[in-house]
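> Test case, fold it:
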Amino acid sequence: MSFKPLLGDGRIRSQEERSEPLQTASWAGSSIVFDNRRWACREAELRWTAPHHLVVLTKEGGTSHTSIRYEAKSVYDGMDRPGALTFVPAGAERLGFYRDVDLTYSALWIDPDLRIPGCERLRDLPISLGAQ
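This next block holds a predicted model:
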């Protein structure tokens, strides 16, 4: 099974990839989408833009190298590991490179038009990756 984010458009190139959805759910007419997945591959390159804000938590495992660029600037260069938290605002194109991936993550996609107190400020936040 191929790894592909649930929402958005872009391209993915990967080698020796395996992906297994563990749990997927959505609420409020798909304004909030949850995806828990196991992902493994030797290398992956991702160029992706989504219409929803994205919050990702690496639950288990990690990468030997993760590099993320946004607006031609490096925003993260290191390793993905358990507890790493990533935020990508809606409409942001991220370019990612991953090596020696073997992890389980949970992703939460949030529609930027959803009227939940505090969510209106998400669109103004920068990409944040690798935070623990």
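> Below-threshold pLDDT in this protein: ranges please.
1-3, 126, 128-132 (pLDDT under 70).
> Any idea which residue is closest to the centre of it?
Val56 (5.3 Å; C-alpha atoms, centre = their mean).
> and that one, backbone torsions?
phi -120, psi 130 (degrees, to the nearest 10).
> Give the bridge partners for it, please.
Val56 forms beta bridges with Thr86, Ala107, as assigned by DSSP bridges.
> was I right about it contacting Tyr105?
Yes: counting by C-beta atoms under 8 Å, Val56 touches Tyr105, with 5.5 Å between them. The way it works is simple: take the backbone N, C-alpha and C, and place the C-beta from them, glycine included.
> Contact partners for the residue nearest to the centre of the chain?
Contact partners of Val56, counting by C-beta atoms under 8 Å, 6 or more residues apart in numbering, are Leu85, Thr86, Phe87, Val88, Tyr105, Ser106, Ala107, Leu108.
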